[in-house]
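> no letters, just coordinates:
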């Protein structure tokens, strides 16, 4: 398989399938077409027994800065993007083939959800992970309310969601939010080593292991349903309109006015 689009590059390297977000000019912020391309690649790789691991990565200074809010013209456009979050996250977390996310730079919003939905998340020590929804009057989505809380507990999940603080890759590993962090200069070599290790495992055993751990630790479907319903309502509030205006005008928002 080899597919190159303007925003997603999908390639095969022996037993390794690679899905590379390729919109560095907007920090790999996701639009609907990008999400659909990732789902398509994940689905095809998961159905191919010769692919033993899927590597998910991003070009440039970010893994992904989240949803591409700058590209929308009306709320309905964001409804379409929001509706794609569930299939996107399910295609990663539910893959029978292990998914390795490689996080350098920024992973924010649904971009962070993508990274955490992978079965193994390798992050650079100096990466920046954030749930920056509150600043624009929204709630975490992409399964983040379940993925983050299941990994680091209610208190730290609340802290990330309510403050929007940026957590370093090293701190995220210390908290248990991600699988492993590594120094930037060692990142590429370690990424190759982990991919090779996962690819060498027994495929059926891996598929059953990842499914069992995911089912035991997450109620992802209900979380995604709650998030979609809540976000649908929040997109129509005056606070969201103010948050987006403030973001575009590079000023602090004034909510509840």
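All right, it came through fine. Just so you know, these numbers come straight off a predicted model, no measurement behind them. Numbers count the residues shown, from 1 in each chain.

> so which elements touch the strand or helix carrying residue 100?
Following DSSP states H and E, one finds residue 100 within strand 99-103. Secondary structure elements in contact with strand 99-103, counted by 3 or more C-beta pairs under 8 Å, 6 or more residues apart in numbering; DSSP states H and E, are strand 53-58, strand 62-64, helix 110-117, strand 120-124, helix 187-199. To be clear about C-beta, it is placed using only N, CA and C from the backbone, and glycine gets the same treatment.

> what does the first one rub up against?
Strand 53-58 has contacts (C-beta atoms under 8 Å, 6 or more residues apart in numbering) with 15-21, 24, 28, 38, 41-42, 45-46, 63-64, 92, 95, 97-105, 111, 114-115, 118, 191, 195, 198-199.

> quick one: average pLDDT of that strand?
Strand 53-58 comes out with an average pLDDT of 98.

> okay, now the sheet partners of that strand, with direction.
As defined by DSSP bridges, the strand partners of strand 53-58 come to strand 16-21 (parallel), strand 99-103 (parallel).

> the shortest one versus strand 120-124: what angle between them?
Translated: strand 99-103. Between the axes of strand 99-103 and strand 120-124, defined by axes from the mean of the first three to the mean of the last three C-alpha atoms, to 10 degrees, the angle is 10 degrees.

> gap between residue 226 and residue 145?
Remark: distance between residue 226 and residue 145 (C-beta to C-beta, to the nearest Å) = 7 Å.

> tell me where the stretch 101-250 of the chain has helices.
Counting by DSSP state H, counting those that start in this stretch, the segments of the stretch 101-250 of the chain that form helices are 110-117, 144-163, 169-175, 187-199, 203-217, 220-234, 238-249.
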